[in-house]
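# Provided below for reference: sequence and predicted model.
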Amino acid sequence: MTTPTYRGVRNRIAFDRGELLSNVVTPRNVADRMAERYNGAIGELNRWVDDVRAETGESVPYFDPRAASECAKVLMLLQDPSGAADGESGFISLHNNDRTAHNVYQLVEQTSLRYADYVPWNVIPWWVADPSKPARTLHSQARRARRYLEEVVDLLPGDLAAVIVMGKTQTWPAWKAAVGPHHKRFRGAEVVFTAHPGPLSINQPVKDTDRRNRDDIAAAFKQVASLIQ
């Protein structure tokens, strides 16, 4: 049996399953996924992305047409697109070639939260630190993004039950700037806060406990999965 070559691969689960989205490692996968972007229930969201790009002049990645294949019951949010989403794949996806996507993939495998039930996205749909733009703050762009976040929820296929806001130092403040500090529900959906799944955060200890961020994220996923079963 030939041993897989993982050179340049940061999301090994997606790579091993033939799903990896990377213009560098698996360009055919990206081309095939791009050809699907207007298909199915997610297609309307990606036509919305085209409209937002034209309106704002921002580089907004597409939604993954393979996400929420049964119904978008959960919206999973980070703060803004990473380099992988903006350039290496063009999508916000569990299948992106970065360690954050790999870590989320591990955690959804370990819990009962399925990719068929959730959509990964960002509080701010464009890259805040885009070097082609004037310097700007996360807070200002989060406030600007509120309208677009509401539009996404309105367009999601199905009845949204929960929003998972992931990232204490960046995503939580962005969410609060966009939505307000006291919201436990958003457009009828329960809001669940947890840690960022990135490689610098996921194994950090949770203050005054014997847990790590990985444990808290897994608990949040299990909580949300129980809401939609």
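Received the coordinates, thanks. Numbers count the residues shown, from 1 in each chain.

# Any stretches of the protein with poor pLDDT?
1-3, 83-86, 182-183 (pLDDT under 70).

# Just the strands from it, written as ranges.
All strands of the chain, identified by DSSP state E, fall at 62-63, 74-78, 91-92, 118-122, 162-166, 185-186, 189-194.

# May I see those strands arranged in JSON lines, with distance to Pro4 and mean neighbour count as well?
Quick note: C-beta positions are derived from backbone N, CA and C, even for glycine. Shown next, in JSON lines, are the strands of the chain (distance: least, C-beta to C-beta, whole Å; neighbours: other C-beta atoms under 10 Å):
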{"stretch": "strand 62-63", "distance to Pro4": "28", "mean neighbour count": "25"}
{"stretch": "strand 74-78", "distance to Pro4": "28", "mean neighbour count": "25"}
{"stretch": "strand 91-92", "distance to Pro4": "23", "mean neighbour count": "26"}
{"stretch": "strand 118-122", "distance to Pro4": "25", "mean neighbour count": "25"}
{"stretch": "strand 162-166", "distance to Pro4": "29", "mean neighbour count": "24"}
{"stretch": "strand 185-186", "distance to Pro4": "41", "mean neighbour count": "15"}
{"stretch": "strand 189-194", "distance to Pro4": "31", "mean neighbour count": "18"}
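
# what would those strands look like in TSV with distance to Leu200?
Putting the strands of the chain into TSV (distance: least, C-beta to C-beta, whole Å) gives the following:
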stretch	distance to Leu200
strand 62-63	26
strand 74-78	13
strand 91-92	20
strand 118-122	18
strand 162-166	13
strand 185-186	27
strand 189-194	15
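
# Arg146: which of these is closest?
Of all those, strand 185-186 sits nearest to Arg146, with 10.6 Å by C-beta to C-beta.
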